[in-house]
Each structure stands twice: as C-alpha cells, then as structure tokens.
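>>> Need the 3D shape of this:
(chains A and B)
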Amino acid sequence: MGSMRSSINEWLMTFPSMSWLVVLFLIPTLIVFAITFKPTDPYGGIGSGWTLETLRSLGNPNYPALIWRTIWLSIATTAICILLATPTGYFLARADKRWRQMLLLLVIVPFWTSFLIRIFAWKVLLHPEGFIKEALVFLHFVQPDTSLLYNAGAVLLVSVYTFLPFSILPIYAAAEKFDFRLIEAARDLGAHQVQAFIRIFLPGIRRGLLTGVLVVLIPALGSYVIPDIVGGPSGEMLGNKIAQRVFVDRNLPHASGLSAFLILAVLLPMLAVLLLQRKKERATPIIEEAS
Amino acid sequence: MKRSRLPLIITVVVLIFFYLPILILVINSFNASRFGSTWEGWSLRWYARLWHEREIWLALENSLIIGISATLLSVVLGTTAAFALHRYQSQLQRIHYTLIYTPLVVPEILMGISLLLFFAAIGLELGLFTIFLAHVTFCISFVALVVLGRLQDFDFSIVEAAQDLGANWWTACWKVLLPLLAPGIVAGGLLAFTLSIDDFVISFFVAGPGSTTLPIRIYSMIKHGSPPLINALSSILLLLTFLAVWLSQRLTIEKSAV
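Numbers count the residues shown, from 1 in each chain, chains lettered A, B, ... in the order given. Model (predicted):
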C-alpha cells in the first residue's frame, strides 16, 4: 500500500516536467531526423510522402568546405580559449581573497552580458573606419584596403571573445579545489615550475578542463550569430547555412538535413569526453589519493 | 620559491581583452557624432532618441511578458522535477535526469530549428505563444538543476520531524520544505528570467510577425539600424547587468559570511 502511494507520488511529480520535455524537446529532436526524408511543398512548408532528395543534396560540393571550416574554427576557438583560460583560472585560484572576489566579478560580468552586444562591440571595432583598423594602418601592419571584418579570422577572434568566460569559470572552479601544496612538493623534489604545472596541476584539474572544452566546443559548432554578423561569405559556418535554408530559401527539409548532421557532430565530442572521463576514473587516481 | 609572472600577465591581458571593446562602446554612446570614428563632444542625444523609439518599447514589453510567464511556469515544472529527482532513485528518474540535462548541452540553434520544425509539423502558428513554449523548455532544466543543488545540501530531518509531529508528506512539503527552499527556488527563477530575457537564437527561429522580443530587435538594429542607438541601448543593458551581478555577489558573500 505504502509503496503504491509512493509510486503514485513519484509519477505525479515526474509527469509535468517529463511530459513537457518529451513533447517539446525529445519529439522535436527526433522530428529533425524524420523531416530530412520529407519533400518540401510550394509554400515553404513540409510536403507529404517520403524522399531521399535532401540526402542527395547533402552531397553538394560546397558542403565539405563549409563543414571543414565549421570544424576547424570550433577547434581553434576551443584551443585558444583553453590556452588563455587555464593560466587565468590558475591565477584566480591563487590570488588572495580580497582580489579574488573582485577578479571573479570581472570575469562573471562578461559571462552575463548579452552576447549580441558583445558581438556588436567588435563589429564597431573592426569596422573599416573603426579604432583598430586605423591603429593598424597607422602602424603599417595592414594596408588601408584590407578588411578586418567579414572573414574567418574575425569569426575566430569574436568567438574566442564570446566563449572565453565560459571556459574560465569551470577551470577556476576546479583550480580552486586543487591543493597547491602538491606543486610546492613537486618543486621541492626538483621539478621545474613548468614541469610541475603540466604534470601536477593540469591532471589535477582535468575535470574542469574537460568541462571547459565542452562548453566552448559545442556552442562553437552550432555558432550562428557570430559568423552571421562578422563572418561574411568567407566566414560562413554550418549554423548560417541552416538559418539560410530556413529564412531565405524556405527549404525546411534541407535545414533539417544539415541540423541532423550537426546533432551527430555535437554528439561525437560529448561521447569522446564521456569515455575519456570513465577511462581516467578507472586509471590510478593519484591526485585524489594524495589529497 | 619564485612564482612565474606569466599567469598574472595573461590574466591582465584577458581582462583588458574583455573590457576594452565594451568600454569603447560605452564611450561612443556619449559621442555626439553619428559615426563612431570621429569625436564631436559629449552628448546624451542618443539616449534621448532611444526614449522615443516605439519599437524598442514594444519589444521590451514582449520580452517582459514572455520572461515573466516562462519563468513562472518553468519554476513550477523545474521545482517538481528537482523534488522527484532528489527523492526517488529509480530507472524512471534516470531517464528523467537525462531529459533534464540534455537540453543544457545542445547548441541553441538545434533547439531553435527542432522546435520550428515541430511547430510547422503540427501547424501551430508562430508568435508570442511559441516563444513562450520554447523558453519554458530550456528554462526547466536550469531551474531543476539549481533547486536540485539546494536540495542536496538540505537537512531532511526537519521534514521527518514535521511528519513525526503528524503532518502528512504533502503538508510537510508545503509548510516546511518549500519555505526553507524558497531562496533556491528564487535563484532558479532569476536565472530562468535572465536567460529568457537574453535569448536570441531560439526566439528568432520560433518568432512570428509581431512577436519581436528585445534581443530580436537589437539583432535587426545591428544588421540594419544606426550604431549610435545600439551603443546607447547596450550601455544601459551593460549597466543593468553589472548591477545585477554585483548585487547577487554581495548577497551570496553576506550569506556565506553568516
């Protein structure tokens, strides 16, 4: 009797959120795959019947270049973010308490600032009559007719700017829990400071590093607004193509074919990280034992 | 032992990198010139112009309507979800947790396009209501995880004490657990509200004619509008963000000091 009541209670409390997410998250995600095999109708909607038309169009020779650019821009963004976020997280964790609150506030504010505004700020800076362009021309670093906007480089720069706060926070959170006496110990035993940093500190914060990688890589793969505003044709990414198929060509099956591909592209690094974490956990957890 | 100065230098560079573009934007919002490259003296004219932009006020109204309603519903759904996840350890809850967690790691554009396709497939007309549905969907997960975090630190012997004193489970939840958890639920709600007000990508995909939200309005101003107006609007939003973050930090610091 009691266990039946309890299971009714469980259902009552699980049902609202679960049914909402099944209807508005799970089913729509599955629909993306289904609509890939649907034809379009003349009104920009979804036709009836089934077709392989979209799948064939994914063989379009323009796509490999677009997909390659999406992947390398995402990986480069992630690499630069981690390279900058790791020393920053380390410094924040070792700063003394008064400074740390202040520095943390300075990292969190950009994190919460509307990302449209942050992208717009760069559009103004990189603009042909903008501040940076004029400074670079004045210093003879670039020709007056080179454009800083509307290329893959601009997308990379603005992506790093947008996603960097996301990677600093998990790395800082991991570094804050790290026992820095381990580094002192390693140095007492003769390790160089770079050696201690790489062989003791980095493995110690690996969870934070992995989270830092995922929170940049996944949104970067699905990037749409950044290449849309500062990218131009040579900085286009997969997300732009999806939006273009929706808003310009009104071809929903094509958009869903590309989205299905993006879903698979995002799942891959997630599964890799999951497996990596599991393997690492099984390997000898030196740091955990020591602390 | 000597510590390397490199982390300090990188941190300073990162902070300059973060704030220089924002600072230039704010300074430019007071520039009397229409073009950012020339300085024609301090002026508040763009702020005055902003005040008279009807479309921005309409967009703000839409954003607030969606933000408040989506927050209220997602707080209810997210809180019940967190209670269920915390109280029961069953196969059902494992699936439930996966469903709550996955939307957090899916790129926004995928959620936008999949909801658009879903609404198109069932023939639901796009507008404020579809944006509301979309916002509740991504807010549930954030609320649930914030409340779940608080539940894990919670001392459940208080609820048991209430039950020992004769309260049934629901009364104990309603009269004891809920008031004590209120700060966590409010924190989840504030997070949901912020995310809803700030969301552009998902809203853009599921918006229809006449349902322009503030971020959608800002986007079309960036694409076609006049930069000085966006500078002014951005500066106001930046100020609000700074105040909100500063306030929430102060509140959490004071609480941890007690």
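
>>> Show the model's pLDDT score for the residue of chain A found nearest chain B.
Among the residues of chain A, residue A:222 lies closest to chain B, at 2.5 Å counting by CB to the nearest CB. Heads up, the C-betas are built off the backbone N, CA and C, glycines and all. pLDDT for residue A:222: 93.

>>> Identify the residue of chain B closest to chain A, quick one.
residue B:107 (2.5 Å).

>>> wait, isn't that residue in contact with residue A:266?
Yes - judged on CB atoms under 8 Å, residue B:107 makes contact with residue A:266 at a distance of 6.2 Å.

>>> burial count for the residue of chain B closest to chain A?
23 (other CB atoms under 10 Å in any protein chain shown).

>>> Need phi/psi at it.
phi -60, psi 140 (degrees, to the nearest 10).

>>> residues contacting the closest residue in space to it that isn't next to it in sequence?
Sequence neighbours aside, residue A:222 is the residue nearest to residue B:107 in space, at 2.5 Å (criterion: CB to CB, 6 or more residues apart in numbering or on different chains). Residue A:222 makes contact with A:238, A:239, A:262, A:266, B:107, B:108, B:109, B:110, according to CB atoms under 8 Å, 6 or more residues apart in numbering or on different chains.

>>> cutoff 7 Å now
Residues near residue A:222 by CB atoms under 7 Å, 6 or more residues apart in numbering or on different chains: A:239, A:262, A:266, B:107, B:108, B:109, B:110.

>>> What of residue A:27?
Per CB under 7 Å, 6+ apart, neighbours of residue A:27: residue B:118.

>>> Ok, residue A:26 next?
With CB under 7 Å, 6+ apart, residue A:26 has these contacts: residue B:99.

>>> measure it to residue A:97 for me?
Distance from residue A:26 to residue A:97, counting by CB to CB, to the nearest Å: 45 Å.

>>> Next: residue B:113.
In terms of CB to CB, residue B:113 sits 45 Å off from residue A:97.

>>> which one of these two has more residues nearby?
residue B:113 (35 against 7).

>>> Nearest spatial neighbour of residue B:59, chain-adjacent residues omitted?
residue B:217 (3.7 Å).

>>> again with residue A:251
residue A:245 (5.0 Å).

>>> And for the residue nearest to residue B:59, the neighbour number?
21.

>>> I figured it hits residue B:55, correct?
Yes - Residue B:217 is within contact range of residue B:55, at 6.3 Å (criterion: CB atoms under 7 Å).

>>> Could I get the full set of strands for the stretch 51-200 of chain B?
Assigned by DSSP state E, counting those that start in this stretch, the stretch 51-200 of chain B shows no strands.

>>> Name the residues of it found near chain A, please.
B:77-78, B:80-81, B:83-84, B:88, B:92, B:96, B:99-100, B:103, B:105, B:107-110, B:113-118, B:120-121, B:133, B:137, B:140, B:144, B:198, B:200 (CB under 7 Å from any CB of the partner chain).

>>> among those, which ones are buried?
B:77-78, B:80-81, B:83-84, B:88, B:96, B:99-100, B:103, B:107-110, B:113-118, B:120-121, B:133, B:137, B:140, B:144, B:198, B:200 (16 or more other CB atoms under 10 Å in any protein chain shown).

>>> show me the contacts for residue A:225.
Contacts for residue A:225 (CB under 7 Å, 6+ apart) come out as A:116, A:119, B:200, B:201.

>>> Sorry, wrong one. I was asking about residue B:118.
Shown in contact with residue B:118 (CB under 7 Å, 6+ apart): A:27, A:28, A:31.

>>> Check which helix or strand the first one maps to.
Right, the one you point to is residue A:27. In this assignment (DSSP states H and E), residue A:27 forms part of helix A:27-35.

>>> Next, the buried residues of that helix.
Those would be A:28, A:29, A:31, A:32, A:34, A:35, for helix A:27-35 by 16+ other CB under 10 Å.

>>> quick one: residue A:262 and residue A:240 touch, right?
No - under the criterion of CB under 7 Å, residue A:262 is not in contact with residue A:240, lying 11.7 Å apart.

>>> Between those two, which has more neighbouring residues?
A count of neighbours by other CB under 10 Å puts residue A:262 above the other of residue A:262 and residue A:240, at 24 against 21.

>>> Give the closest residue to residue A:194 in space, chain neighbours not counted.
Residue A:194's closest residue in space is residue B:4 (CB to CB, 6+ apart), at 8.0 Å.

>>> Hmm, I typed the wrong one, I wanted residue A:118.
residue A:162 (5.9 Å).

>>> State whether that neighbour is indeed within a helix.
Yes - under DSSP: H, G, I helix; E, B strand; the rest coil, residue A:162 sits within a helix.

>>> hmm, who's touching stretch B:5-16?
A:84, A:87, A:88, A:90, A:91, A:106, A:164.

>>> let's see it at 10 Å
A:83-95, A:103, A:106-107, A:110, A:164-165, A:168, A:193-194, A:197, B:23 (CB atoms under 10 Å, 6 or more residues apart in numbering or on different chains).

>>> Can you select the buried ones from these in PyMOL?
To isolate in PyMOL the members of those that are buried, counting by 16+ other CB under 10 Å, one can use:
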select buried, chain A and resi 84+85+86+87+88+89+90+91+92+93+94+95+103+106+107+110+164+165+168+193+197
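
>>> Take the contacts of stretch B:5-16 and keep only those in helices.
A:83-94, A:103, A:106-107, A:110, A:164-165, A:168, A:193-194, B:23 (DSSP state H).

>>> In the one helix or strand residue B:230 maps to, which residues are buried?
For residue B:230, the element it lies in under DSSP H and E is helix B:227-257. Neighbour counts over helix B:227-257 (16+ other CB under 10 Å) mark B:227-235, B:237-238, B:241-242, B:245, B:249 as buried.

>>> what does stretch A:17-25 give?
A:17, A:18, A:20, A:21, A:24, A:25.

>>> near chain B, which of those show up?
Among the buried residues of stretch A:17-25, the residues lying close to chain B (CB under 10 Å from any CB of the partner chain) are A:17, A:18, A:20, A:21, A:24, A:25.

>>> Let's have these in JSON lines, adding distance to residue A:126.
Listed next are these as JSON lines, based on distance: CB to CB, whole Å:
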{"residue": "A:17", "distance to residue A:126": "43"}
{"residue": "A:18", "distance to residue A:126": "46"}
{"residue": "A:20", "distance to residue A:126": "42"}
{"residue": "A:21", "distance to residue A:126": "40"}
{"residue": "A:24", "distance to residue A:126": "38"}
{"residue": "A:25", "distance to residue A:126": "37"}
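
>>> So which of the residues you listed sit within helices?
Per DSSP H, these map to helices at A:17, A:18, A:20, A:21.

>>> and the second one, how far is that from residue A:24?
To tie it back to what came earlier, the one meant is residue A:18. For residue A:18, the distance to residue A:24 - CB to CB - is 11 Å.

>>> Next up, the contacts around residue A:191.
By CB under 10 Å, 6+ apart, the neighbours of residue A:191 are A:183, A:185, A:197, A:198, A:199, A:200.

>>> sec struct for it, please.
Residue A:191 ends up coil, using three-state DSSP.

>>> give me the low-pLDDT residue ranges for chain B?
Residues of chain B meeting the criterion pLDDT under 70: B:1-2, B:35-37, B:251-258.

>>> need the contact list for the most centrally placed residue in it.
Nearest to the mean C-alpha position of chain B, by CA atoms, centre = their mean, lies residue B:195 at 1.8 Å. By CB under 10 Å, 6+ apart, the contact set of residue B:195 is B:67, B:70, B:71, B:74, B:135, B:138, B:139, B:142, B:143, B:202.

>>> switch the cut-off to 8 Å
Here residue B:195 is in contact with B:135, B:138, B:139, B:142 (CB under 8 Å, 6+ apart).

>>> Just the buried subset of those residues, please.
B:135, B:138, B:139, B:142.
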